[in-house]
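1. need a structure here:
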Amino acid sequence: MALSGRAEPPVVRVETSARQAPGTATPATPAPAAPAATGGTTAPAAPRPLAASVPTRLLVPAAGVDAPVTGLGLNADGTVEVPTADRADQVGWYRNGPTPGETGPAVLIGHYDTAHGPAVFHKLPKLKPGDLIQIRREDGGTVDFRVRATLQTAKETFPTDAVYGNTKGPELRLITCGGRIGADGHWTDNIVVLADPAPPVG
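-> Model prediction:
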């Protein structure tokens, strides 16, 4: 994936709001225009990458997450799909990007809340550096990550390069919404968790 040359990077939105009417389609997360070759903050060491394997389940003990993962593609307008509001207990993986454990930033997207109440990523803002994230893969393996940082950013200034930019090794991004409810009934900000592969034990 490489930069498309657009002057303005896309604003990534996960518009999940308690004000959203039941059954209303959730506005999608715009796909990355493309990551910059040097974009983003990377871990100092580049762990050995794994072969591609689709993620099947996400476990984040500190945020109470134990959820199935489904693949997300692109909508007709070029935006990334998000899980529907009636599947707010699911996490979506952006399948046009790396799988967790491959070189590059694997991106998982989840709702913060819906009209039905708190959703799968409701406690994501509570994550702290060092918290464990585990991803089970279709090949039967599990990839462990540790939180490096949790960011809150206005949707208009979404750090596209830091989230989607090329990395020296495997990395993980978890994205949901946050901030406050704006006049349009949607959250004003995004919460972005940056995570690196957990070092081997022993």
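2. Where does the prediction get shaky in the chain?
-> 1-47, 78-79, 179, 182-188, 201-202 (pLDDT under 70).
3. Let me see the ranges of the strands in it.
-> 29-30, 55-60, 65-72, 79-80, 91-94, 104-109, 113-114, 117-118, 132-137, 142-154, 170-181, 187-197 (DSSP state E).
4. Turn the ones you listed into CSV, including mean neighbour count and distance to residue 125.
-> C-betas here are computed from N, CA, C, even on glycine. As requested, the strands of the chain are exported to CSV (neighbours: other C-beta atoms under 10 Å; distance: least, C-beta to C-beta, whole Å):
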stretch, mean neighbour count, distance to residue 125
strand 29-30, 23, 18
strand 55-60, 20, 12
strand 65-72, 18, 13
strand 79-80, 20, 21
strand 91-94, 24, 16
strand 104-109, 25, 15
strand 113-114, 22, 12
strand 117-118, 12, 12
strand 132-137, 20, 14
strand 142-154, 17, 7
strand 170-181, 22, 6
strand 187-197, 23, 5
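5. Of the ones you listed, which is nearest residue 49?
-> strand 170-181 (5.4 Å; C-beta to C-beta).
6. before we move on, back to that, mind putting the strands of the chain into a markdown table with distance to residue 124?
-> Shown next, in a markdown table, are those (distance: least, C-beta to C-beta, whole Å):
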| stretch | distance to residue 124 |
| --- | --- |
| strand 29-30 | 15 |
| strand 55-60 | 8 |
| strand 65-72 | 8 |
| strand 79-80 | 18 |
| strand 91-94 | 11 |
| strand 104-109 | 10 |
| strand 113-114 | 11 |
| strand 117-118 | 11 |
| strand 132-137 | 10 |
| strand 142-154 | 8 |
| strand 170-181 | 5 |
| strand 187-197 | 6 |
